[in-house]
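S.K.: Would you be able to build a 3D model of this:
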Amino acid sequence: MQSSKRSILAGIAATLCLTMAGIGAQAGETLDRVNDKGVLTVATNSDYRPNSFMNDSNELDGFDISVSKEIAKRLGVEIKFVTPGWEVMSAGRFSGRWDMVVGSMTPTKARAEVLDFPALYYFSPAAFAVHNDSPAAKPSDLDGKIIGVVSASTYNRYLEHNLDLDVVGMPEFTYDVTPGEIITYGDVNEFDDLALGDGARIHAVLQSVPVIEEAIRSGLPIKRIGSPVFFEPLAVATDKGDVEFNARLSEIVDAMKADGTLAAMSVKWHGVDLVTTN
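M.R.: Numbering: from 1, shown residues only. Purely as a prediction, here's the structure:
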């Protein structure tokens, strides 16, 4: 790994330092529960290709799933997946229902009030997708249009011109679009509405490039326009307060970066190494 990459990740790690807030898990509680039960319970998405989705065997598969399984393997425990809604996963106060979230979550300031982010594991470029019949060629062509986006997401905040990631090493970005209307979705089904036609329900979708490319490969009549509008850092999320569990997760993910495991998983599922922005 190049020194520039190491410095970016080191800065991010410093920014994501864990707090000792007196809510959520107590120090050691989650790690003790995982070790005692021999099972790591992970909350994730069920329809977020290529990161997490149900495969032909009706089992969860994808990049986030592979990352989760590798973490469990290195912890020496079995793994169990649950798929609560996005708003539930990002709200914190897990109350033992799951031990961590591996769902391509961005460590925003607001989320850091209720969650800890012990390990950043990749960056995802965000871009706009439109129907194949759309005349839009660049993001600014979508000014005043109806844009679909996952609710309570960083993409939603970008469209509202209220995206404050506050992460060291985060590349600078500008707000290139002012929507006429924002339509929010509870899960990644906004592409279904976009596929109905240009403006039939929405004119565009803002999502991660890997998710857009997967939708295109699936045969939907959509296309990506312009360059990525921002690069989003994604992190493992835990309930606040378990310093021992967070430290162990940080150690494991750092090792997965160092030995190339994360990069190989990213290339397998995304077609490119997204572990850094370089």
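S.K.: How far away from the center of its chain is stretch 60-80?
M.R.: Distance of stretch 60-80 from the chain centroid (CA atoms, centre = their mean, to the nearest Å) equals 16 Å.
S.K.: actually stretch 202-216, sorry about that
M.R.: With CA atoms, centre = their mean, you get 14 Å for stretch 202-216.
S.K.: Check which residues of that stretch are buried.
M.R.: 202-216 (16 or more other CB atoms under 10 Å). Backbone N, C-alpha and C define where each C-beta goes, glycine included.
S.K.: Val267 falls within a strand, correct?
M.R.: No: according to DSSP: H, G, I helix; E, B strand; the rest coil, the state of Val267 is helix, so it is not within a strand.
S.K.: For it, list the residues it contacts.
M.R.: Taking CB atoms under 8 Å, 6 or more residues apart in numbering, we find Val267 in contact with Asp273.
S.K.: Now go through the buried residues of stretch 202-216 and say which are in strands.
M.R.: The strands, defined by DSSP state E, take in 204-208 from the buried residues of stretch 202-216.
S.K.: Looking at these, which gets the smallest pLDDT?
M.R.: Across the set of those, Ser208 stands lowest in pLDDT, at 89.
S.K.: I figured that residue hits Pro125, correct?
M.R.: Yes: under the criterion of CB atoms under 8 Å, Ser208 makes contact with Pro125 at 6.8 Å.
S.K.: Which residues are in contact with each of these two?
M.R.: Glu232.
S.K.: For the ones in strands among the buried residues of stretch 202-216, which two are the farthest from each other?
M.R.: Of all pairs drawn from those, the one with the longest distance (CB to CB) is Ala204 and Ser208, at 14.4 Å.
S.K.: ok so, going back, most widely separated two among the buried residues of stretch 202-216?
M.R.: The largest separation in these, counting by CB to CB, is between His203 and Pro210 at 21.9 Å.
S.K.: nearest residue to Ser153 other than its sequence neighbours?
M.R.: Distance criterion CB to CB, 6 or more residues apart in numbering; nearest residue to Ser153, sequence neighbours excluded, is Trp86 at 7.3 Å.
S.K.: What is the neighbour count of that neighbour?
M.R.: By other CB atoms under 10 Å, the residues close to Trp86 number 22.
S.K.: What pLDDT does the model give it?
M.R.: So Trp86 comes in at 87 (pLDDT).
S.K.: That one and Tyr48: what is the separation?
M.R.: Counting by CB to CB, to the nearest Å, the gap from Trp86 to Tyr48 is 9 Å.
S.K.: Then Lys73?
M.R.: Note on Lys73: its distance to Tyr48, by CB to CB, is 22 Å.
S.K.: Same question for Gly92.
M.R.: Using CB to CB, we find Gly92 at a distance of 20 Å from Tyr48.
S.K.: wait, what's in contact with Ile202?
M.R.: 146-148, 183, 190, 193-194.
S.K.: out of those, who's nearest Ile222?
M.R.: Nearest to Ile222 among those: Leu194, at 5.7 Å, using CB to CB.
S.K.: Point out where the stretch 51-200 of the chain drops to low pLDDT.
M.R.: 168-169, 187-188 (pLDDT under 70).
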